[in-house]
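J.: coords please:
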Amino acid sequence: MNLHVAAYGRQSYGRVNGSEASPAAQRTANYARYETFAAEVARDGREAKWCGHFEDVGISAYSGAERPDFERLIRECRMGRINVIIVYNISRLSRLEPTDALGIVNELLGLGVTIISTTEGVFRQGNIMDLIHLIFRLDGAYQESKNKSTAVRDAVKQARALGGYVGGKAPYGRKLRQVTRYNSDGKPIAIQVLDTDPEQAKVIQRVWWIIRKHKSQAHSPKPSGKYVPGSLGSIVRELNETGVATQGTDRGKKTAGGAWHIKTLGMMLRHPQLAGFATDPIYEPQKKDPSKLRVVGHRIRRDDSGAPIQAWEPIIEPGDWFELQEWLDSRPKRKFENRTTALLTSMEVLYCECGRPLSANNAARPVGGSYFCSRPSGTKPKPGEHEGGSYISRAGVDDLVARRIFALISTAEDDPETGDILAAAAQRFGEANESPETAQDRRTVLQERADAARALEQLYDDADLYRGDEIGRARWRKDVKAQQERLAACDARMAELGEAEVPVLPIDAWLEHDLTPDHEGYDPIGPGSWWGKASLADRRALVKLFIERVEIRKARADEKSRGSKAEPVVEPRVTITWATGGQHGQETAA
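T.: I've put the predicted structure just below:
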């Protein structure tokens, strides 16, 4: 009988390191065991054919989550295509309770599959002692994972309660120091605390000094081929040119000698530990592999009154750090955004009827050009989407949007139907002009709420794992209640922030004009008007107060301009959604 051999590897977390349990090490050990096994059976006149290596990385068998490659391996065994499985150790197959894992193991042995562990021996069909040993090994693996998981959670909880840092490696500007503190039972507990790294702290403080000195200039159009003083790009260039060591150069191995990058510097300046605040990481699934999580930010831990908990010596004073966050929020979100002079791009308000954002050609010119659908050329439209490209006069859309806004605010006192729109605009105006600390508080609460919602969803997904006994069910109910209370507290806090005093809109200032309304040359957005004198940034700010969305429909055949002097058709193709969510203007064509 020929033998068809496959190997299986698993690791709960997608690390790539030198540990014996790493995926690469498992593959090497498993294939070496196959070569030994093939040589052994060859002496009996049999051939062992290699059928490949099956692998699930980043998926914990203890969690009970689906393992695609493991399920594929089992199907191959059921079809008779594989009759020998090699694993590094039996725990790679399962860390579920033995009573749950026994079914699949018993099925494999019943199918005549031989299970070979590179570290624990061979398990074959028909040998009851092998099966008993296997059960004991599975039980040991399960208990080890269970105890380890409980111990890690308890250790993290205890370290945090004693004021320890539990975020892994020290962030830039800090270094870890081990101290001994005593728990409520008087037992000594070794924890890690964050101390200031003097040299790295100087780098952070200098970066903030440069930003604060130049921040009013940082988003001006760049001179050709030059960096704007105070921008992250110019700071990164200076750090690299002067040889300032990165975190990897100071402490890393694989990243030693690395250079500074804008994204890295931005993330570093976002960390609340710079202000000395205690934090918890915020996770979200990775795009390429949703089974793995990545840190996307840090949530400030707060006391019962909602104030940030000051856990460490600040590198940047809290007030300065909140000001820094406001500046970071004001940075362009897209590459080269600061070079465009198009009014409606880069604000997340201008969309095609197909749902894609519109871009602008001739974007660096003050006037002229078009807005066009950003669907990549050559992309096949989905059912119901427009064929080909969709273009519209940029000047025509800008003029229409501005005139609609000024028509609304000029009749605000006489038109009760505009009340909701003005209220929404006033709310946005207040948020845009609130203090940096309040703005950061709002963002933090939103992050907190999103994190609590994710945790609650995970608890619901894992509900079956808690149903083994009453203790598990009680723990699940307790955890669910805790996350529900977090959600309720966030909603209450958002309500408080929303109830802050709403400022009065400066409508009179927006309507100021060098001419009187009855003058022949009067134009509410023309020369001499507030709009005519306003900068691009101020115009965009006004649009964002009143407009939620501007949607552009593709022109029909009878709406396309014929000849260079033809007036472009704009108004019938534009639908404006005001800040209240209500629509104003022409309906989009079917």
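J.: please count neighbours and contacts with C-alpha atoms only from this point.
T.: OK.
J.: so what strands line up beside the strand or helix carrying residue 53?
T.: Per DSSP states H and E, residue 53 falls inside strand 48-57. Paired with strand 48-57 in the same sheet, following DSSP bridges, are strand 3-11 (parallel).
J.: average pLDDT for the helix or strand that the partner strand is followed by?
T.: Going down the chain from strand 3-11, the next helix or strand is helix 23-42, by DSSP H and E. Averaged across helix 23-42, pLDDT comes to 87.
J.: with stretch 83-98 instead?
T.: Taken as a whole, stretch 83-98 has a mean pLDDT of 74.
J.: likewise for stretch 444-455?
T.: pLDDT averaged over stretch 444-455 gives 74.
J.: and if you look at stretch 515-529?
T.: Mean predicted confidence for stretch 515-529 is 89.
J.: do the same with stretch 46-61
T.: On average, stretch 46-61 scores 78.
J.: please point out which parts of the strand holding residue 53 sit buried.
T.: By 16 or more other C-alpha atoms under 10 Å, the buried positions in strand 48-57 come out as 48, 50, 53-57.
J.: same check on stretch 236-252?
T.: Within stretch 236-252, the residues that qualify as buried by neighbour count (16+ other C-alpha under 10 Å) are 236-237, 239, 244-248.
J.: among the residues you listed, which are in helices?
T.: When DSSP state H defines the helices, the subset of the buried residues of stretch 236-252 inside them is 236-237, 239, 247-248.
J.: OK, contacts around the spatially most central residue of the chain?
T.: By C-alpha atoms, centre = their mean, the chain has its centre lying nearest to residue 296, at 4.8 Å. By C-alpha atoms under 8 Å, 6 or more residues apart in numbering, the contact set of residue 296 is 281-284.
J.: so it belongs to a strand, correct?
T.: Yes. Under DSSP: H, G, I helix; E, B strand; the rest coil, residue 296 sits within a strand.
J.: with just CA atoms, put stretch 387-399 into PDB.
T.: The C-alpha trace of stretch 387-399 is given here as PDB (Å, rounded to 0.1, in the frame of the first residue of the first chain):
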ATOM      1  CA  GLU A 387     -21.400  53.500 -19.100                       C
ATOM      2  CA  GLY A 388     -18.200  55.300 -19.900                       C
ATOM      3  CA  GLY A 389     -17.000  58.500 -18.100                       C
ATOM      4  CA  SER A 390     -19.000  61.200 -16.500                       C
ATOM      5  CA  TYR A 391     -17.800  64.800 -16.700                       C
ATOM      6  CA  ILE A 392     -19.300  68.100 -15.500                       C
ATOM      7  CA  SER A 393     -18.200  71.700 -15.600                       C
ATOM      8  CA  ARG A 394     -16.200  72.400 -12.400                       C
ATOM      9  CA  ALA A 395     -17.000  76.200 -12.500                       C
ATOM     10  CA  GLY A 396     -20.700  75.500 -13.100                       C
ATOM     11  CA  VAL A 397     -21.000  73.100 -10.100                       C
ATOM     12  CA  ASP A 398     -19.000  75.400  -7.800                       C
ATOM     13  CA  ASP A 399     -21.200  78.400  -8.800                       C
END
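J.: and it, average pLDDT?
T.: Averaged over stretch 387-399, pLDDT sits at 90.
J.: for stretch 283-302, same thing?
T.: In this model, stretch 283-302 has an average pLDDT of 76.
J.: and it, how far apart are its ends?
T.: Counting by C-alpha to C-alpha, to the nearest Å, you get 19 Å between the two ends of stretch 283-302.
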